[in-house]
Every structure is written in C-alpha cells, then in structure tokens.
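Q: just a sequence and a predicted model for now, questions to come.
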Amino acid sequence: MFDMISQRFQKIFRDLRGMGKITEKNIQDPLREIRKALLEADVNYKVAKQFIESVKSRSLGEKVLMSVTPGQQIVKIVFDEMVSLMNQEKGDLSLSLNFSSLMLVGLQGSGKTTTAGKISRFLQSHKLSTMMVAADTKRLAARAQLKTIAEKIGSDYFTIENEESPAVIINAAKEAARMKGINRLIVDTAGRLHVDQELMKELQEIQKILQPEEVLFVADSTTGQDAVNICREFSSSLTLTGIVLTKMDGDARGGAALSMTFTTGKSINFVGIGEKMDDFEAFYPDRMASRILGMGDIVSLVEKAQKTIDEKTAKDIEEKIKRARFDLNDFLVSFSQIRKMGPIGNLMKMMPGMNALGNIDIDEKELSHIEALIKSMTVRERTHPEIIDGSRKKRIAQGAGRSVQELNSLLKRFSLMRKMMKNMPKMGKHLKIPAF
Ligand SMILES: Nc1nc2c(ncn2[C@@H]2O[C@H](COP(=O)(O)OP(=O)(O)OP(=O)(O)O)[C@@H](O)[C@H]2O)c(=O)[nH]1
Ligand SMILES: [Mg+2]
C-alpha cells in the first residue's frame, strides 16, 4: 500500500536529517519535494498547495524543541498536517440496536456489493443483525452475487426476483426487516460506468423511500482524483454521510485517501484491503498517515518531547550553558526531564549528536548512580563543585551509597564538560546532553 509515496517521503526525511536550523531558505527544497510527492500520488493540486503552506508556516513559526532535531520536528509537522487533512468529525457507524438502514452507492465495479457484505459482517461482530437487500435490478447477476455473499457471512437476504422497481423492493424489505426484528437493512444499489441522470434519479428515489441513516459512497482508491470528483458529483444529488475507500491493497497511490475529505467535506469511514469479507478496516487518519510516512518512531519521539520537556526550563539551561554558568543543579534538572521521557537508552540514541558517537551503550543503572550522587550534594556544592574536598566527598558518596572513586569520576567529567561549554559560547539552539 502506498509504496511509491512512502518511498518518496522516506527519502525527503532522510535528506532532512542533517538540517541544522529551520529557515525559509533551507526548507524550500524539502517543501518542493513534498509537493512533488503529493502530486505524484495524485493528490489534488489545491490540496497539495494548501498542505505545503501549512507545513511551511508551522515549520517557521513553531517553537524549537530542545531534544529533537529540526528535521525530526518537520517530520512531526508533516504528520500532523496529514492527519488533519484526513480528519473528520464523524467517521464511525452507529451501533445502536434501534432499526436503521444503510445504503451503498458508487460507480460500477467500485466495490459496493463486496462492501455490503463487509459492513454486514462488521455489524454482526458488534452483535447487530443485518438484512442485505439487492436493489440493483439492472445487472443480471447482481442479485445472485449479493445472495452468495449473504449466505457466506450468515446474513439475512432480501429481494423480489423479476421485480424491476427498486422502490417496490425497498418497501417490501423494510416490512420484512421489521417483522424479523432486524437491526440493520443494508441496501446494495446499481452502478454505472459514469455518473448519469437516470442512475441519480433512481438513487434519489431509493433514498427517499428508505430514509437511511447512512448513505456511504464507495470509491475505488486506485482511481485517485477521479474518485474524488465522482464523489462530488454523487454528493450534489444525494446526501452522503460517509465514504468507503476500496482496493487499498492494490496500487492505490494515496491521492484519494489524502484529498477525499478535504475536497468533499465527507469523512472516510472504512477502507477495503482485499477481496475477502474480513479484508476491511475502520479508517483512522493517524494510522493512515503513519502508513504513508512510515515515520512512527520519530513522530512519537517528538510527541514525547512536546509533552514532557518544560520549554522554559530548557531555555534557561541553554542560556546558562551559553554563559557557562551550567552547574550540577541544572544538570540534575535537565537530567530528570529527559528521564521522564522514557527508557533512556532508546531515547539517547535518537537524540541529535548521539548518532555521531556511534553505538553507545547507555547504562540506565549508571545514570541513576550519577543522579543519586548529585542529589546527595548540597545546593552550594552543586553550584560550586570546586569546594568539594576530601571530607565532603566521603559524605556525598556515603549518602548516595556509592564509592568516592565514582564521585571523583563524575566530578572530573563534569568539569571537562564545563570547560567544553566555555569554549563553545555560540552553541546552537539544540541542547546536546553530553554522554556520560
Ligand atoms: N483487491 C480488492 N478487491 C476488491 C475490494 N473491494 C472489491 N473488490 C473487487 O472488486 C470487484 C468489484 O466489486 P463489486 O463489489 O462487485 O463492485 P460493485 O460496485 O458492486 O460493482 P457493480 O455492481 O457492477 O456496480 C470484485 O472483483 C471485488 O472482489 C478490495 O478492497 N480489494
Ligand atoms: Mg454490485
């Protein structure tokens, strides 16, 4: 699914890795590449344009996060914008036990009949009984196809053989469903190669008689923007309540999924991912964006950083580093903030600068020893480590349950780090925590 657009984005994000700072100038190329990737995936050009504008203004306007790289931050912004592009108010089906009906509409071969079966099965799995109704009276084999599917999944089935009028069938089906105490009537309708007036009139009539709670537009996702345009045409004659995108397992390029909601204002409820009755999923914009971008780990890293890092404290510490006033108190604060973010080993590996150090093994235990040693110092000792003499050392080490030797090594490394900071007064915006 989405191989082409995914690969494109992977490359763009790889190129972003080395970006030092986000500026109007250096995001120009990546933005152009993102736009190209979207257009290639058959995303509507207006949608692509708006997308790029949002990503650009957020990239330039957003607060710089301390513990992630600018490139990672852009990945997250692209992810967020993609989710919001596909987001919708309502994308699920009511599972109420009360009787209601659902109607499937769409062009020929889009997957209406198959989807009728998949939806029935989905509702059955939520303990609702279904009756599938064949209202496609045009195509000869249509009734038989629906009947076979209904039998396969164990759903009730209704039609009137040789009856030409869908209206007559619908009225009789409603009555039959009431008598049997069925929860959902699922109505499969006829398709055409193109949108035509006759079909629209027929569907309008069915909608009027059926009074369905849901009218789902079934779209073949491999047709990209065509699917979006056809949805708009259907929407001008019928009150559509949602969309099912089928054949996402095939060579869908992503354009339909990405442009549909933005262009039509309709939500995507489900996706079809194969011919079998179970090849069906509820649609979640964030999962879809993850599939397209393939950057789940970075997105969650940035999310964590956004949640837990106290920007102001981080900023203060950065200031202190710049002025070489960073002491063990600050070290302790930045330390515990970073630890709040989860298993430190994984995290440190993802941090800027850490990759350059190669495959470092960070020992969680060693980190807690360092923390214990600093906590065992007085505030004055943390601010002025140079006052820590032999007897203080003994006391601190004892308090932390560690050896004086360990404390010596910590103090030595800390003083080295401070020297390093003094020599780097113009440190970049990104706080790099030295490896201990
Ligand atoms: N791979 C794949 N094939 C699908 C999917 N949904 C439907 N199909 C196939 O697409 C073809 C057409 O599906 P139908 O359900 O008959 O389409 P329809 O909209 O009812 O077509 P008409 O009744 O002729 O208008 C069938 O061969 C289905 O098996 C899907 O999600 N993935
Ligand atoms: Mg059909």
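A: Arrived safely. Ligands and ions are numbered 1, 2, ... in the order given.
Q: how about stretch 381-390: buried residues?
A: Buried positions in stretch 381-390, judged by neighbour count with 16 or more other Cβ atoms under 10 Å: Glu381, Arg382, Pro385, Ile388. Bear in mind the C-beta positions are built from the backbone N, C-alpha and C, glycine included.
Q: cool, stretch 92-110 as well?
A: Quick answer for stretch 92-110 (16+ other Cβ under 10 Å): Leu93, Ser100, Ser101, Leu102, Met103, Leu104, Val105, Gly106, Leu107, Ser110.
Q: again, but for stretch 82-93
A: Quick answer for stretch 82-93 (16+ other Cβ under 10 Å): Met82, Val83, Leu85, Met86, Asn87, Gln88, Gly91, Leu93.
Q: ok, and the closest residue to the first one other than its chain neighbours, which helix or strand is that part of?
A: Using Cβ to Cβ, 6 or more residues apart in numbering and skipping the chain neighbours, the partner closest in space to Met82 is Ala289 (4.0 Å). Here Ala289, judged by DSSP states H and E, is contained in helix 285-293.
Q: contacts for that helix?
A: Helix 285-293 has contacts (Cβ atoms under 8 Å, 6 or more residues apart in numbering) with 1-2, 5-6, 9, 13, 75, 78-79, 82-88, 254, 257-258, 296, 299.
Q: swap the cut-off to 6 Å and go again
A: If you take Cβ atoms under 6 Å, 6 or more residues apart in numbering as the criterion, helix 285-293 is touched by Phe2, Ile5, Phe9, Phe79, Met82, Val83, Met86, Asn87, Gly254, Ala257, Gly296.
Q: and which of these is nearest ligand 1?
A: Relative to ligand 1, the closest of these is Ala257; by Cβ to the nearest ligand atom it sits at 12.9 Å.
Q: can you pull the contacts of that closest one?
A: Ala257 neighbours (Cβ under 6 Å, 6+ apart): Leu245, Met288.
Q: close to ligand 1, is the stretch of helix or strand it belongs to?
A: Using DSSP H and E, Ala257 sits in helix 255-264. No - judged by Cβ under 6 Å from any ligand atom, helix 255-264 stays clear of ligand 1, getting no closer than 12.5 Å.
Q: ok, which stretches of the stretch 151-300 of the chain are strands?
A: 156-158, 184-188, 214-220, 242-246, 268-272, 280-282 (DSSP state E, counting those that start in this stretch).
Q: nearest to Gln50, out of the ones you listed?
A: Among those, the nearest to Gln50 by Cβ to Cβ is strand 268-272 (18.4 Å).
Q: contact partners of that closest one?
A: 91, 111, 242-246, 248, 260, 280-283.
Q: dump it to PDB, restricted to CA.
A: C-alpha atoms of strand 268-272 as PDB (Å, rounded to 0.1, in the frame of the first residue of the first chain):
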ATOM      1  CA  ILE A 268     -13.800   8.200   5.300                       C
ATOM      2  CA  ASN A 269     -15.400   5.500   7.500                       C
ATOM      3  CA  PHE A 270     -13.800   2.300   6.200                       C
ATOM      4  CA  VAL A 271     -11.100   1.000   3.900                       C
ATOM      5  CA  GLY A 272     -11.300  -2.200   1.900                       C
END
